[in-house]
Each structure stands twice: as structure tokens, then as C-alpha cells.
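Q: this is a predicted model, with the sequence first.
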Amino acid sequence: MAGDASGIPELDQDKYDADEEVKIICLGDSAVGKSKLMERFLLDGYRPQQLSTYALTLYKYTTTIDSKAVLVDLWDTAGQERFQSMHPSYYHKAHASIMTG
Ligand SMILES: Nc1nc2c(ncn2[C@@H]2O[C@H](COP(=O)(O)OP(=O)(O)OP(=O)(O)O)[C@@H](O)[C@H]2O)c(=O)[nH]1
């Protein structure tokens, strides 16, 4: 919802009709491979070149665990120094983080 603590509009969760929701944030310095990790996991692919992430990229991933539909919000953050000050707001309500280095 616009105007929450993170200042980032949340996507419409209702259409995913999930039993559980999990938020995972991917952190690490620039060019350590955060976006490529996401690409490999979500698309089962890999392209050698990609622009550096600008601020943040959000992904949705759905899976089933113990017969429950689980919606996973994956937050791929930008590692560049100029975006570091934005990270504390991204941690809001995160269940886990993936530290890449
Ligand atoms: N050889 C090799 N190169 C990789 C690997 N992972 C990422 N790279 C390369 O490293 C570069 C940066 O990868 P990204 O995934 O964009 O890095 P990032 O951590 O998301 O960087 P920011 O978006 O700046 O935060 C790209 O050119 C990738 O192709 C890997 O496992 N092996």
C-alpha cells in the first residue's frame, strides 16, 4: 500500500491467493552476483551481461509446501554505494535475507 513505512508500493497480493507469504531480501555489494542468482533460480537461465540493478527489483515466486500455497516476495537490492541508504527501509517485515558475497 502506498505510504507505508517502506515507501514502496506493495503489489496486489490478493490475486495470488496464497496461504502464506514470505519476504526474502537479497543483499551484497555491487557485482557479486545477486541478480544472476535470482535469474538462475527464477528463470533457470543465465545471461553473462546485465545492467547493474537500479535501486531495487521485485520478483514474485509461488510454490507449494505441505499442501499450502506460499507466495515468496524476492527483493533484489542494488549493491552500489549510492543506494545503500535505502536498504533499511527494505528490511521492513523481511523474514529472511540472502547475503551474497
Ligand atoms: N563467471 C561468473 N560471473 C558471474 C556470476 N554471477 C554473476 N556474474 C557476473 O557478474 C556481473 C554482475 O552480476 P550481477 O548479478 O548483475 O551483480 P549484482 O550483485 O546484482 O550487482 P548490482 O546490481 O550492482 O547490485 C555480471 O556481469 C554477471 O554476468 C557467476 O556465478 N560466475
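A: Good, I have the coordinates. Residues are numbered from 1 along each chain as shown.
Q: what is the helix or strand encompassing residue 58 packed up against?
A: Here residue 58 sits within strand 56-65, counting by DSSP states H and E. Secondary-structure packing of strand 56-65 (3 or more Cβ pairs under 8 Å, 6 or more residues apart in numbering; DSSP states H and E): helix 34-43, strand 68-77. Using the backbone N, CA and C atoms, a C-beta is placed for each residue, glycine as well.
Q: in the protein, which residue sits furthest out from the middle?
A: In the chain, the greatest distance from the average C-alpha position (Cα atoms, centre = their mean) is reached by residue 67, at 23.7 Å.
Q: got the phi/psi numbers for that residue?
A: phi 70, psi 10 (degrees, to the nearest 10).
Q: how about residue 21?
A: Dihedral angles of residue 21 (phi, psi; degrees, to the nearest 10) stand at phi -130, psi 140.
Q: and residue 83, by the same measure?
A: Backbone torsions of residue 83, given as degrees, to the nearest 10, read phi -100, psi 0.
Q: so what's it closest to, chain neighbours aside?
A: residue 55 (5.5 Å; Cβ to Cβ, 6 or more residues apart in numbering).
Q: any idea how many residues pack against the one you found?
A: Counted with other Cβ atoms under 10 Å, residues neighbouring residue 55 total 12.
Q: my read is that it contacts residue 82, right?
A: No: judged on Cβ atoms under 8 Å, residue 55 makes no contact with residue 82 at a distance of 9.3 Å.
Q: what about residue 74, neighbour count?
A: Residue crowding around residue 74 was assessed by other Cβ under 10 Å; the count is 19.
Q: can you check the pLDDT for it?
A: According to the prediction, residue 74 has pLDDT 94.
Q: let's have the chain start at 112 instead
A: Right, with 112 as the first residue, what we last looked at is residue 185.
Q: dump the residue contacts of the nearest residue to it once chain neighbours are set aside.
A: Sequence neighbours aside, residue 170 is the residue nearest to residue 185 in space, at 4.2 Å (criterion: Cβ to Cβ, 6+ apart). Listed by Cβ atoms under 8 Å, 6 or more residues apart in numbering, the contact set of residue 170 reads 149, 153, 184-185, 187.
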